Each structure stands twice: as structure tokens, then as C-alpha cells.
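Asker: Provided below for reference: sequence and predicted model.
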Protein chains: 2
Amino acid sequence: MPMYTAPIEDMMFLFEKLRNNQKYNELEKYKEVTSDLVKDILQEAAKINQNLILPLAKVGDENPAVLENGIVRTPPGYKEAYKKYIEDGWTSLSCDPKFGGQGMPKTVSAFFDEMLSSASLSFKLYSELSIGAYNCINRHASDEIKNKYLPKIVEGKWSGTMCLTEPVCGTDLGLLKTKAKKHSDGTYKITGQKIFITSGDHDLTENIIHLVLARADDSPAGTKGISLFLVPKFIVKDDGAIGPRNGISTGSIETKMGIKGSATCVLNFDDATGYMIGDKEKGLSAMFTMMNLERIVVGIQGLGISEIAYQNSLSYAKERKQGKTNDSKSKNGADLIIEHADIRRSLLNMKSIIEGERALCFWLSQQTEVSLYHPNDKVREEASEYVSLMTPVVKSLFTDLAMEITSDAMQIYGGYGYTKDQGIEQLYRDNRITPIYEGTNSVQAADLVFRKLSNKNGNVVNKFLKQVKSECNSDNEKIKPFISEFNNYLAILEKFSDWMVNKAQTEKDDVSAAANDYLRTLGYFSIAYAWIQVLNVCFKEYNENETFYHDKIETAKFYFDKVLPRIQQHYKSAISGSSNIMNFKFN
Amino acid sequence: MPMYTAPIEDMMFLFEKLRNNQKYNELEKYKEVTSDLVKDILQEAAKINQNLILPLAKVGDENPAVLENGIVRTPPGYKEAYKKYIEDGWTSLSCDPKFGGQGMPKTVSAFFDEMLSSASLSFKLYSELSIGAYNCINRHASDEIKNKYLPKIVEGKWSGTMCLTEPVCGTDLGLLKTKAKKHSDGTYKITGQKIFITSGDHDLTENIIHLVLARADDSPAGTKGISLFLVPKFIVKDDGAIGPRNGISTGSIETKMGIKGSATCVLNFDDATGYMIGDKEKGLSAMFTMMNLERIVVGIQGLGISEIAYQNSLSYAKERKQGKTNDSKSKNGADLIIEHADIRRSLLNMKSIIEGERALCFWLSQQTEVSLYHPNDKVREEASEYVSLMTPVVKSLFTDLAMEITSDAMQIYGGYGYTKDQGIEQLYRDNRITPIYEGTNSVQAADLVFRKLSNKNGNVVNKFLKQVKSECNSDNEKIKPFISEFNNYLAILEKFSDWMVNKAQTEKDDVSAAANDYLRTLGYFSIAYAWIQVLNVCFKEYNENETFYHDKIETAKFYFDKVLPRIQQHYKSAISGSSNIMNFKFN
């Protein structure tokens, strides 16, 4: 079974040293979230993840969730662990105190999301969608509904789902067929089939609150006719008590490559009672409140799985002897594989990506909080644009790089990595869903290039790059080589962005064909931007914590030397255009 | 279950149009291998692979090989299929007629290897190692042993294994502990444990002929003390009849991520009778006869799995509707995903890599035959150097790219790709062993840069590039843009090669850290070289088969525009050196 130690030192470094974001610091509500408080939280989080949840990963893989006589049963031990998990208040971490939450900012809850992803993605998914449902209900529902449902969701006694996908529509929700028929009392009767519903049914909570996209029978076809409904597994009585079973049944659960502990359900809605959330026919945009935050969390899943893969391959590399290094001092027998240049390169590749991602994610969490709570409209809007820009990037790049990292970690284990015993191949299989769900990475790339680069207020990416430029200059002699390299790639990104924005006017297929390359370019660049922020601290405060900062600087150097050059290829490949692709006749 | 149609048209194109290799054509023994004969063989091969073997892939995944009461049982249906497989003579395809073989060149047998890898890698592995054992015995054993063992192996009644790996040594065979004690009759008693033995035991053949590396008790430590032994599961009597069971037992079989139909065994040798093959203490180099050919076949496995992944994702893309294209003509509802630029890009990426690999592999098969059978020593030696140079490249690059291709194929299936129903995720899991076994891809890269780039006769890569240059110029106006682009990358490869050869003298860690990048660079370049050979034919004979050649030219164009630029990144990343990597202190 893989081991895991939560990277608290790195998290606290980010929390303490990278919070010099002026706008974030202007947020009243987080003034009392001190370093000491956060450290306590992270230490408790580490304990439950390392001790209680980590062992569930293998259990879930070997004993998948099952559907028996219409009831979904989670793997052995999940129930007991979940009970402890909610008793300790982990579902409520980032929720509003008004509903029983602890009111922690995303800068903190994202660290918890990362740890939980490292420990067991399957277990995580049972509560993750609850937070999504919480956010969506909190933003769009009436006070009556909020007061009725949110306290139980925050407490973790009830869980939530997102019911979007149907057999003919995953990406393309305009095609959805689920119907909502209005009843005289203002409620709706929901009928249709939803598939790939994560945690669609299970035995961990007393009730499950489904957020369902459906089409009212007087609404038009296409995405414009979609509304959002709250559909509980059990009807909730006026006094909040659990009432009769609603018209929802589990048709089947999927047999999957990984995340086997997580129940992925086909749900059949048959005249199920539902309550409209938000405005009629505005369901898609309401659901996107949930989707967008969820997409960032999927990126964090990739980061968390990368971290545990890295830790284990590093540990194995320190134990396994094989072959001699170039300047081997051992007379007989082999050297530790961590002494081999190529293994070191592979490990530093992982580390430099992971720590850069974590720093970028911290920046994004700050932006998210600013976008939600800053008193100034303009500031909120600008932050919101950055969050929109970076959401598809974090979702796609972090999950794709987690495939690279879990694969490289397996490779370090050699033949042992391919066997089930080590638990490394499970990380690879579990992570393989992350580039697919919540919108495939190609859909993210299309979202980025067609909706996020520019919006009604103009060119968002230029705004972002302008801010980056204003921040990334320093008089420190030691950071200059980094900034000089950074500026070379900034220049490529500017050219690439201009090319994309122009082509979006004249040759959309060129933009579509280049979307993945552009996403990666912006992503690698943004990680470098996060590294520059880290480096600023490292060089400024070097003497205060020499060992830690030296490690950071060398890790950053690897990123700039060996990872950032990937941008060149993406740019060159992309600007060759799409006519060859579009004209090709596939047999 | 995935579908599969053997790509006979492309194979016959290569066989008919790319055999203008003068030295290959000088080989007497293949004069009678005509196009008609080869076409007949490929058509029969397609039948057995598409109809009989393909369904075994899913069966093997769902019903892995098991060890029961000391006996390994293959999945249901394997026995019957294997019986038909050997009755039809497929094990004997490339073997010497002297022992009952059909004497086909590797230019033909490689096509069969590809088809069989597409159909079921697990099933393939039961006969694949037999051919390896055949090659090794044929090259190194006495006539007595050859006559006793080879006819049955060629017939497929007996199978073979390679027993190298032990718990403490995979890559590093110098550490091996298995002992061989000489007996008065000249035979040896072999004692020790071998692990990860593919097809180490099974119920498909009457006997299993293990080729075992062991250390005679008077031999020195390290690789210099290793000899090679033939150790049959059942002792073979003088008249060729099966005798008593030898001292070999199966300790366990591995539970693996994929290739579950293939039995990966722990074999315990306990005073097992063995016969030395080749010279004492020259076991490693004798085994490498088997290893080197086997490594090329592992590359072909990657190619075969890539092909079936491509075929299925293409087929799915033509059925699945989702989203609207940029110039959608559909009024209502979605377009086929094959009409989306990004999906087309992904499919062409696969196709351009697969067809380029197949062409490169054909070239390599010709070189292999020349290296073995050309009458002129110098010609043989030069071809042998090219085979040595390209073996690690084909093994590593084809298997890594097969990970990319099977992953991209899953991605096209979206959520469905992650479920077991489609069989796509199995291709991904099955292929994941190919970058690991027969020497991990990092070991291949080290082999390339430290042993293959230069040898006692000088700089091999320069020789290769000189030949490439002499072949890659053409007066045809249409090919010129390709050659011009090709020459840009040739210039990078030359700089990179010089850098590597120089660093090998002064700073070996730089070479080690850059080895993977160099392997990829040489590999992408070599595929482009194969494409140039294809393009020469296409432009010259364009009017003879316009549709086919147009398809080829456009596919090549994609490769040159979108794949070849990857070289830039590898070069830039590599030449930043290794001091940062070597000095890093991993916590």
C-alpha cells in the first residue's frame, strides 16, 4: 500500500509567504484565519487522511461499490470512516457559518481537497459533490430551500449529486431529454434517465440531494430550455424530517478502470418530485456555478494523486539498488536508483510540476475568494475573469500531468509497478478519469479558446499578461536569469494569443485544432508565473530558511530548464493551422 | 468488444513499394517471397487474428490465468485457439525450413507480430518467447540440442521462456544469484528463483523450454560469470519423447494491471537439470541474441495496440454525435464528433504516428535480414550497427507513443472509454507493460546513448545520418517542402548527437540525464525518414493510385507539421545539462 505524508510544510509556506495579494488581504471575512489556525487544521487533516482514509483506497479498489437489490453498498470501511469524517466536520470546512460551516477560505479548503485526493479519490467523491451542491443551492435557491437542505448537507448527513449527463448527451447538454412537468402545487414531476452520476446512490448518508437538469414541458429545445431542479432521494417533510422515497431508482452502476470504490450510477427518474432552483430556463448557468468550482477541484485531484505518486516513487528510489552510476563508488553490487541521473531527472520533473501547480492553485484560490467577496465590483469582476480563464487550464493541465507523473512513478518501480501489490498502478488507473469527467480536457480547451480568452470586456488574456508583466520584474540579480527565460516564453505566449484571437475571427477551425496546444502553453506559462512568485520570496528571505529555499530555487530551476521548453513545440505545432486536418478524408 | 481489421493494404504497400533496398534485394534466400505469396499469408493471418484471437482479449482480461495446485491454467478458449494457431503453422512463420519452419523474412513476420499484438497481446505472449528461444538456440546451441528441441518449438508443441530477472536484479544482471552446479555427465543442476517470467508455466504446450541465466559455481561474480542454460520443464529423452518432470515449480503468478491472460510466473529451480548453451560465461551475450530481437517485437506490440486503438476510436468518432462544429450545417441536434477539428487532429496524430512507425519498422526488418544473411561481411556489419542503433529507439518510442495513442483513443470515447464495456481501457492497461518489460524505456535510452551511438568502428549515428542524407534528396518539387523541414530537424539532431558524443567523454551524467530526450529525438526523426521514403513513392507513382497516395501525403504532412516539432523541446530541455539534477538533495 502506498504511504503518504501530507506536504504541510509546503502548504504553510504558500499560506504564509504568498498571501501578499493585496486584494485578497482586503477581504474582511478572512481576517481571523491566522497561520496558527490553518496549521492546526492542516495537521488534523493530515491525520485523518494519512491514518483513516488512505487505507480505504486499496479496499475500494479490491471491493468495488456494488448494486444489490436496488441498493448501492460502498466498500467495507467506508461507512465507519465517513461517520468519523463528518463528525470531525470536514464536509463543513469551507461552508458558510450561517448553515453550520466553518467559513474557511478556498486557500485552506483547497489544501484539504489535495490531501483527500492523495489519500483516496474514490472516498473523496462521496463528499465532493455535496460541496458542489451546497455552492449551487446557496447561490441560486430560495431561502426556504436553503434553510431546509443546507444545514444537513453542511453537516454531511445528506450528500449531493450533479445530474447532467444522459446517454446521448455528455458534452452537449442541449440534447437532453429529461422532462419536468409542473404540478399544481408549484413542484415538478421529473422523468428521464441520467448516467455517469458520481455518488448517485450509496449507503453513507440519510438522504441524497440530486441537482438535476431537465426541460420543463413548455420549454424550448436546446440549451435555452433547460432548468435546474432539486430532487431528493427521500422527500423532506416541512419539519425537516425524512419522508417517503421519491421516484428515483438506480438502474445500474458502472464497472470502471479505476475509482472502483466510487459508485457511478445510472439513475432513473420516474415522476420524481423536484423543486426548481433559480430562474426557469436558466438551469445551465446555475449549474455552472457548481461545475466551475468543481472543475478546479478536479485539477486539484490531479495534483493530489501526483503528490502521492511522487512520494512513493521517491521512497522506492531510495531503497532499490540497480546498476552503477557514472561515477559509482561501490566496488561490488549496484547503486541506489536515486543516484542515477535519469531517475533523478524523472523525480525532479514530478516535484517541479507538483510544487508549481500547488503555488498556482493557491493563487487561483485567492482569486476565487476575491471574485466572490471583494467589496469593489470592478475588482470582483477582474478576479472572476482570471478564475474563468484559469479554470479550464487547471482542470486539464493538472489532470494530464498527473497521468504523466503517475506513469513515471510506475516506471520507477519497473516490473513491480505493474503488479497490484504496490498500489502504484491504482493511482494511474484512478487518475485516468480526471481528464474525462467534468468536461473532457478537449472540451476545456474549447471553452478556454472560444469563451475565456476574450469576453464582452475585451481580451482577458492580455489583461492577465499585463498583470503578470507588472509583477515579474525584480532588481534581485539572482532572479534575473529566471525572469529572462520567463520573458522568452511570455513573448511566445503573446504571439500565440494574438494568433488565436485573430484566427477566432477568421478561421475558427484553426483555433479548435490549436486549442489543446494553447491550453498547455498558457498552463505551463502560468505555473512558471507561480514559480516566479515563489522565487521572489525565496531570494528575498533566503537567509531565514536556507535549506527550504535552496530546495525551492533548484526545483524551480529544473522547471525553467526542462519543463517550460515544452511550450516551443506546442506553439510551432499549433500555428501550422488546420486546413490539412479539416480536408482529410478518413476512411 | 473492440473491432479490428488488419491493415493489409498498408502492409502490402510497404512490401511492394519499399523493397527497393538494394542490399536486401541481394539476399538469395528471399528471392521467392513474392507479393502474391505474402498477400496470401497476410489474408490468412488477418482471418485468424480477427476471428479467432481477437475475442480472447476480453476473455483473458475477465478470466486471468490462474495458479491452481501448482498448475497454471490459461483463460477459457486459449487452449483451443492455440491448437488451431499451431496447426495453421503460425509459430513456424519465420523459422528455418531445416527445422520445419516456413522461412519467411522479418519483413513479413513483423506484419504478423503486429496483427497478433492488435488482436490479443496476452495470447501472443505464449508463442512470442518461443520464437525468441528458437533464435537463441539456433544461434548458440550445439547441433544435438538444436535437433532435439527446435523442431518441436517450431511446430509450437513446445514453448520457450527467457529467465533473467530475479528479485534483486532486473536491469542489473550482474547481481544474479541462480547457481549452476556441474554434474559428472556434463549437465548442470540449476538452483535459484526467477521472477516475472512471461509464460513461465501454462497448459498450452507439452513442454516448456526455459532459457536460464545462472552462475556456474566456479564462475566469478558480476556479469562476467553468467552462463546460459537450457532447462526443460520435462526432461526430454534421447528419442525425443517427454520424460520425467524437471526440478522446476511455479511459486506464484502475478496479479497485474493488464495482460491478465498472460501468466507472469515466479519460477523456483531446485536442482533442475540444465544444459549449457554456447560458451561458458558468455551467457549474457548469447541471451542478448534473444533480447535484441525481442525488444524490436515489443516495439511492434506498441504499434499493434496503437492500430486497434486507432481503428476503434475512428469508428466511434463516426457514430457519436456531440456538439456543433464551427461551420455546422445541422439545424438541430449535434454533429458527428469526427467533424470536430480537435477530434480530427487527435485521430490524424495517431494515424501519422502509426503509419510512420510501420514504415520504419519495415526498414528495420530489412536491415535485420541484411545483418543476418548478406554475403558481404562489411554490409552485414553496417546493417547490424543500424539494427543496434534502432532497437532501443523502436522499443521505447513505439511503446511510449502507444500509451499516448491508447490514452487519446479512450479520450475520444469520453466517459464510455473509462468503463470496461468498450474494451478501450483494456488496450491502455495491456499496453502499459510494454514500456517496462524487456528493459525499461530508460534502460533502452541508456543503452542507446552509451553503447549504440558510438562503437569500436566509430560514430554510428553519423554513419546513419550520412546515409539518410544521401537518400533524402529529390528533384520532385512536391517533396521539397517536406525535405526542407526534414533538414531543419536533421540539423538539430546533428547538433544534439555531437553534444551527446562529446559529453560522453567529459560529463557522463549530462548524457544520462539527456538520454530519454535524445532517444525521442532520434526516434521522431527516424519516423520522418521512413515517411520520406514513403513520400518518394507517393509522388513518383501518384497517378497509379491517387486516393491511397493522397491519403499518405496528407498523413505525412500532419506528421511533419504537428508531430516532428516535438524534437525542439527535447533538444532544448536536454542541453541544459545535469548539474542541477545531480546536486539536488532529495528529502
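Answerer: Thanks, I have the structure now.
Asker: quick one, what contacts the closest residue to A:Arg215 other than its chain neighbours?
Answerer: Counting by CB to CB, 6 or more residues apart in numbering or on different chains, A:Arg215 lies nearest to A:Gly225, which is 5.0 Å off, once chain neighbours are set aside. Yep, even glycine has a C-beta here, placed from its N, CA and C like the rest. Neighbour list for A:Gly225: A:Arg215, A:Ala216, A:Ser219, A:Glu281 [criterion: CB atoms under 8 Å, 6 or more residues apart in numbering or on different chains].
Asker: Show me which residues of the stretch 101-250 of chain A sit near chain B.
Answerer: When proximity is defined by CB under 8 Å from any CB of the partner chain, the stretch 101-250 of chain A lies next to chain B at A:Thr165, A:Val168, A:Cys169, A:Gly170, A:Thr171, A:Asp172, A:Gly174, A:Leu175, A:Ile195, A:Phe196, A:Ala221, A:Gly222.
Asker: check contacts around the fifth one.
Answerer: Contact analysis of A:Thr171 by CB under 8 Å, 6+ apart lists A:Gly439, A:Thr440, A:Val443, B:Gln322, B:Gly323, B:Gly414.
Asker: Assign a three-state SS to A:Thr325, would you?
Answerer: Three-state call for A:Thr325 (DSSP: H, G, I helix; E, B strand; the rest coil): coil.
Asker: Isn't it up against A:His340?
Answerer: Yes - under the criterion of CB atoms under 8 Å, A:Thr325 makes contact with A:His340 at 5.7 Å.
Asker: quick one, which of the two is more surrounded?
Answerer: Regarding A:Thr325 and A:His340, a neighbour count based on other CB atoms under 10 Å in any protein chain shown identifies A:His340 as having more, with 25 against 21.
Asker: mind checking how far that one is from chain B?
Answerer: Distance, A:His340 to chain B, using CB to the nearest CB, to the nearest Å: 7 Å.
Asker: and that residue, what does it touch?
Answerer: Neighbour list for A:His340: A:Gly323, A:Thr325, B:Ser512 [criterion: CB under 8 Å, 6+ apart].
Asker: So it versus B:Gly439, what's the distance?
Answerer: According to CB to CB, to the nearest Å, A:His340 stands 14 Å off from B:Gly439.
Asker: how would you label the nearest residue in space to A:Met291 that is not next to it in sequence: helix, strand or coil?
Answerer: With CB to CB, 6+ apart as the measure, A:Glu438 is the residue that lies nearest to A:Met291, at 6.7 Å, once sequence neighbours are left out. Under the three-state scheme (three-state DSSP), A:Glu438 adopts coil.
Asker: Pull the contacting residues for A:Glu438.
Answerer: Taking CB under 8 Å, 6+ apart, we find A:Glu438 in contact with A:Met291, A:Glu294, A:Arg295, A:Val298, A:Lys395.
Asker: Likewise for A:Lys508?
Answerer: With contact taken as CB under 8 Å, 6+ apart, A:Lys508 is in contact with B:Asn326, B:Asp327.
Asker: nearest residue to A:Leu42 other than its sequence neighbours?
Answerer: If you skip the residues right next to it in sequence, A:Leu42 has A:Ile8 as its closest partner in space, 4.9 Å away by CB to CB, 6+ apart.
Asker: I figured A:Ile353 was touching A:Lys562, is that so?
Answerer: No - counting by CB under 8 Å, A:Ile353 stays clear of A:Lys562, with 10.2 Å between them.
Asker: anything in contact with each of these two?
Answerer: Between them, A:Ile353 and A:Lys562 share no neighbouring residue, with contact defined by CB under 8 Å, 6+ apart.
Asker: Could you list which of the residues of the stretch 101-250 of chain A next to chain B belong to strands?
Answerer: Here DSSP state E is the test, and these give A:Ile195, A:Phe196 as lying in strands.
Asker: Please check the residues of the stretch 101-250 of chain A next to chain B and keep the buried ones.
Answerer: In terms of neighbour count (16 or more other CB atoms under 10 Å in any protein chain shown), the buried residues within these are A:Thr165, A:Cys169, A:Gly170, A:Thr171, A:Asp172, A:Gly174, A:Leu175, A:Ile195, A:Phe196.
Asker: tell me the SS of A:Pro244?
Answerer: Secondary structure of A:Pro244, reduced to three states by three-state DSSP: strand.
Asker: Can you tell me the closest non-neighbouring residue to it?
Answerer: Counting by CB to CB, 6+ apart, A:Ile235 is the residue found nearest to A:Pro244 once chain neighbours are left out, at 5.4 Å.
Asker: can you check A:Glu114 too?
Answerer: Distances taken as CB to CB, 6+ apart put A:Gly304 closest to A:Glu114, at 4.3 Å, once the chain neighbours are dropped.
Asker: next helix or strand past the helix or strand that neighbour falls within?
Answerer: In this structure, A:Gly304 sits in helix A:283-317 according to DSSP states H and E. Per DSSP H and E, helix A:283-317 leads on to helix A:341-373 as the next helix or strand towards the C-terminus.
Asker: Pull the distance from that next one to the chain's centre.
Answerer: For helix A:341-373, the separation from the chain centroid amounts to 12 Å (computed by CA atoms, centre = their mean, to the nearest Å).
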